[in-house]
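kindly return the folded structure for what I paste below:
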Amino acid sequence: MPRGGREKTRDDGPERKCIATGKVLPAARMVRFVVSPDGVVVPDILGKLPGRGIWVAADRAALERAASKGLFARAAKAPVTVPEGLVDEVERQLAQRVIGLVSLARKSGAAVTGYEKVKAWLANGEAEVLIQASDGSERGKTKLSTPHDGSWLGWMTASELGLAFGRETVVHGALASGGLTKRVVEEAARLKGLRASDGGTGHRKG
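Below is the predicted model of the structure:
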């Protein structure tokens, strides 16, 4: 990576160096922060806020280390205020981001919910991603398999998925292929880093 933390671009997109782990990772797998004019560390989930970016891997342990060990101040080279509950706020914003994207997919016809509809999409090869609620029945979830070469998202609650699909709760959902689905998978992978501890692959054998 070039000196001074400047952008390094590869086939999988720009890369940044994590202030907590020292690893250089694709920006899509990290969370950007900026320091507000009054010196407060602010998460920039969409990566659009003005100011010099401070990057941390989308991993709860890395974020907690950055927040508790003064690493934001070191990166900013200035005193900063790290809000209490910053890591939980990052998780909340990432969850809202995924909910919003799945909702857009539903409105465009690229997402369905309900066991039978999801099963049909999986059977005819229309599904690219299988979504299942983390707090749904394990017995029911094992009856559906991840699409071949597709992805499985299983770390959002039934209530969160309900918000995405316009219902009270949702246990099973599916997404068709397309650019919007790719964004859902990328954002969901970041969220998984704060919620799951199985490597963040987003894939499950069915």
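
low pLDDT regions in the protein?
1-12, 197-206 (pLDDT under 70).

show me where this structure has helices.
60-68, 71-76, 86-107, 115-123, 138-141, 158-165, 179-195 (DSSP state H).

name the residues that touch the third one?
Spelled out, it's helix 86-107. Contact with helix 86-107 is made by 31, 41, 43, 45-46, 58, 60, 63-64, 67, 83, 111-113, 131, 156, 160-161, 163-166, 173, 175-176, 178, 180-181, 183-184, 187-188, 190-191, 194-195, as judged by C-beta atoms under 8 Å, 6 or more residues apart in numbering. C-beta coordinates here come from the backbone N, C-alpha and C atoms, glycine included.

still on that earlier bit, any chance of the helices of the chain in TSV, plus distance to Leu25?
Shown next, in TSV, are these (distance: least, C-beta to C-beta, whole Å):
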stretch	distance to Leu25
helix 60-68	10
helix 71-76	15
helix 86-107	16
helix 115-123	32
helix 138-141	30
helix 158-165	26
helix 179-195	11
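
can you put these in a markdown table and add mean neighbour count and distance to Pro147?
As requested, the helices of the chain are exported to a markdown table (neighbours: other C-beta atoms under 10 Å; distance: least, C-beta to C-beta, whole Å):
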| stretch | mean neighbour count | distance to Pro147 |
| --- | --- | --- |
| helix 60-68 | 19 | 28 |
| helix 71-76 | 18 | 39 |
| helix 86-107 | 19 | 15 |
| helix 115-123 | 15 | 6 |
| helix 138-141 | 12 | 15 |
| helix 158-165 | 20 | 18 |
| helix 179-195 | 20 | 11 |
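
closest to Ser151 out of those?
Nearest of those to Ser151, taken as C-beta to C-beta: helix 179-195 at 5.2 Å.

burial count for the nearest residue to Gly53 once chain neighbours are set aside?
Counting by C-beta to C-beta, 6 or more residues apart in numbering, Gly53 lies nearest to Arg32, which is 4.6 Å off, once chain neighbours are set aside. For Arg32, the neighbour count with other C-beta atoms under 10 Å is 19.

fine, thanks again, bye for now.
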